[in-house]
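K.L.:
sequence unknown, structure follows:
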C-alpha cells in the first residue's frame with residue numbers, strides 16, 4: 001500500500017518543499033511573479049494562516065499557478081488558525097478590492113460564510129480549498145476527505161496497539177471542520193479496533209499548545225499508549241511532551257509536512273497521513289481561471305491522501321532533496 005501511494009505523495013511534497021521558500025513570513029504576501037499586464041485576472045487567496053509549513057505549501061502552489069497561468073495572485077492569512085475574526089476581516093478587505101475570483105480556506109465556516117455576501121452580490125466566483133463550507137454559490141471544493149484521512153490515521157495507530165489500550169486525540173481549533181472530521185474518523189477507527197479514547201482535547205493546530213495539552217494529558221492519564229493528532233505540528237508537539245516524560249509511543253500526525261517526514265525518520269513520529277497541500281493551492285487558482293474563461297469544473301475535487309511511515313519516509317525525503325538540490 002505504501003509503495004502504491006508513494007508517487008503522488010513525493011511529487012506533491014517534494015515540489016511543495018522546493019517552492020515553500022518563496023512563501024513569505026508574517027500574515028500576508030505580495031502578489032506573485034513578474035509584473036502582470038493590465039487586464040490580467042486577479043485571484044485573491046485567503047488561507048487559515050501562513051505560519052505553518054502546511055499552509056506555506058498551499059501558498060506556494062497558489063503562487064506557482066499564478067506564475068504559470070500569468071495571473072495576479074495575492075495570498076493572505078492570519079498569524080494563527082484561531083484568529084477567526086482576523087480571517088473574516090481579510091476576506092472582506094479582499095472582496096472590497098474587487099478580485100475576479102476568491103480561493104478560500106475557512107477556519108470556521110459558519111462564521112466566515114456571512115462575509116461572502118459581497119462575493120454573492122458582485123458575482124465573484126468562490127472556491128473552497130482544504131475545508132468546505134455551506135455556501136450555495138460556491139464553484140467547487142478542493143481538498144481531502146478529512147474523515148477518511150482521520151480514519152486511515154486511526155487504523156494505522158490501532159495496528160500498533162492492542163485492544164483495551166488507551167490513546168489521546170488532539171484536535172485543532174473548535175469549529176474547524178477539517179480537523180474535527182479527522183478526529184471523528186480516527187476515533188471511529190480506534191473504537192472499532194477496541195482502543196479506548198482516554199482523552200480528546202483541542203490544541204488549535206499549534207505545536208506549543210499541543211505540547212502543553214499532551215503534558216496535561218500525561219499527568220492525568222499516565223498509561224497513554226498512542227496519540228493521533230489532527231495535524232503534524234500538533235503531533236510533533238505531542239511527541240516532544242512524550243519524550244520529556246520518558247515515553248516512546250506511536251504518534252500519528254496529519255498533513256505530511258517535510259518536518260514530519262524527518263521526524264518519522266528520526267523515530268520521533270510513527271507516521272503521518274499526508275495531504276496534497278501544494279495541489280490544493282495550485283488547483284484552486286487553476287480552476288478559478290477555468291471558470292473565469294467560461295469552463296465548467298467539478299463541484300468536488302478530491303486531492304487525496306498518502307500514508308508515510310518509516311517504510312517509505314527515507315525515499316520521500318531522498319526524492320525531496322534531489323528536487324531541492326540538497
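P.N.:
Looks like it came in fine. Keep in mind that what you see is a predicted model, and the values were worked out from it rather than measured. Numbers count the residues shown, from 1 in each chain.
K.L.:
what ranges does the stretch 151-300 of the chain have for its helices?
P.N.:
177-192, 207-220, 232-244, 258-265, 277-292 (DSSP state H, counting those that start in this stretch).
K.L.:
pLDDT at residue 161, what is it?
P.N.:
With respect to pLDDT, residue 161 scores 98.
K.L.:
just for the stretch 201-326 of the chain, where's the confidence low?
P.N.:
319-326 (pLDDT under 70).
K.L.:
do you know which of the helices of the stretch 151-300 of the chain lies nearest residue 55?
P.N.:
helix 277-292 (7.4 Å; Cβ to Cβ). (Each C-beta comes from the backbone N, C-alpha and C, glycine too.)
K.L.:
if we can go back for a sec, can you put the helices of the stretch 151-300 of the chain in JSON lines and add mean neighbour count?
P.N.:
Shown next, in JSON lines, are the helices of the stretch 151-300 of the chain (neighbours: other Cβ atoms under 10 Å):
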{"stretch": "helix 177-192", "mean neighbour count": "22"}
{"stretch": "helix 207-220", "mean neighbour count": "19"}
{"stretch": "helix 232-244", "mean neighbour count": "24"}
{"stretch": "helix 258-265", "mean neighbour count": "22"}
{"stretch": "helix 277-292", "mean neighbour count": "25"}
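K.L.:
those into TSV, with extra columns for distance to residue 42?
P.N.:
What follows is the helices of the stretch 151-300 of the chain, written out as TSV (distance: least, Cβ to Cβ, whole Å):
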stretch	distance to residue 42
helix 177-192	27
helix 207-220	34
helix 232-244	31
helix 258-265	31
helix 277-292	10
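K.L.:
for those helices, which one sits closest to residue 123?
P.N.:
That would be helix 277-292 among the helices of the stretch 151-300 of the chain, by Cβ to Cβ, at 11.1 Å.
K.L.:
what's the closest of the helices of the stretch 151-300 of the chain to residue 97?
P.N.:
It is, among the helices of the stretch 151-300 of the chain and with distance given as Cβ to Cβ, helix 277-292, at 15.6 Å.
K.L.:
and the next element down the chain from the closest one?
P.N.:
As assigned by DSSP states H and E, the chain's next helix or strand after helix 277-292 is strand 300-302.
K.L.:
partner strands of the helix or strand that comes right after that following strand, parallel or antiparallel?
P.N.:
As assigned by DSSP H and E, the chain's next helix or strand after strand 300-302 is strand 306-309. Strand 306-309 sits in its sheet next to strand 271-274 (antiparallel), going by DSSP bridges.
K.L.:
quick one: the strands in the stretch 101-250 of the chain?
P.N.:
101-104, 126-129, 140-143, 166-171, 196-202, 224-229 (DSSP state E, counting those that start in this stretch).
K.L.:
can I get those in a markdown table including distance to residue 279 and mean neighbour count?
P.N.:
Listed next are those as a markdown table, based on distance: least, Cβ to Cβ, whole Å; neighbours: other Cβ atoms under 10 Å:
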| stretch | distance to residue 279 | mean neighbour count |
| --- | --- | --- |
| strand 101-104 | 13 | 27 |
| strand 126-129 | 9 | 25 |
| strand 140-143 | 8 | 24 |
| strand 166-171 | 24 | 25 |
| strand 196-202 | 27 | 17 |
| strand 224-229 | 22 | 27 |
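K.L.:
looking at these, spot the one closest to residue 53.
P.N.:
Within the strands of the stretch 101-250 of the chain, the stretch nearest residue 53 is strand 224-229; the backing value is 14.5 Å (Cβ to Cβ).
K.L.:
quick one: which of the helices of the stretch 151-300 of the chain is nearest residue 56?
P.N.:
helix 277-292 (8.5 Å).
K.L.:
helices and strands around the closest one, which ones?
P.N.:
helix 2-19, strand 42-46, helix 53-69, strand 101-104, strand 126-129, strand 140-143 (3 or more Cβ pairs under 8 Å, 6 or more residues apart in numbering; DSSP states H and E).
K.L.:
any idea how far the fourth one is from the chain center?
P.N.:
Between the mean C-alpha point of strand 101-104 and the mean C-alpha point of its chain there is a distance of 17 Å (Cα atoms, centre = their mean, to the nearest Å).
K.L.:
ok, residues contacting it?
P.N.:
41-46, 62, 91, 94-95, 112, 116, 119, 124-129, 133, 281, 284-285, 288-289, 291-292 (Cβ atoms under 8 Å, 6 or more residues apart in numbering).
K.L.:
repeat that for the second one.
P.N.:
Identification of contacts with strand 42-46 by Cβ under 8 Å, 6+ apart yields 59, 62, 66, 71-77, 87, 90-91, 94-95, 97-105, 281, 284-285, 288-289.
K.L.:
redo that, cut-off 7 Å
P.N.:
The contact list for strand 42-46 (Cβ atoms under 7 Å, 6 or more residues apart in numbering) reads 62, 66, 71-77, 87, 90-91, 94, 99-104, 284-285, 288.
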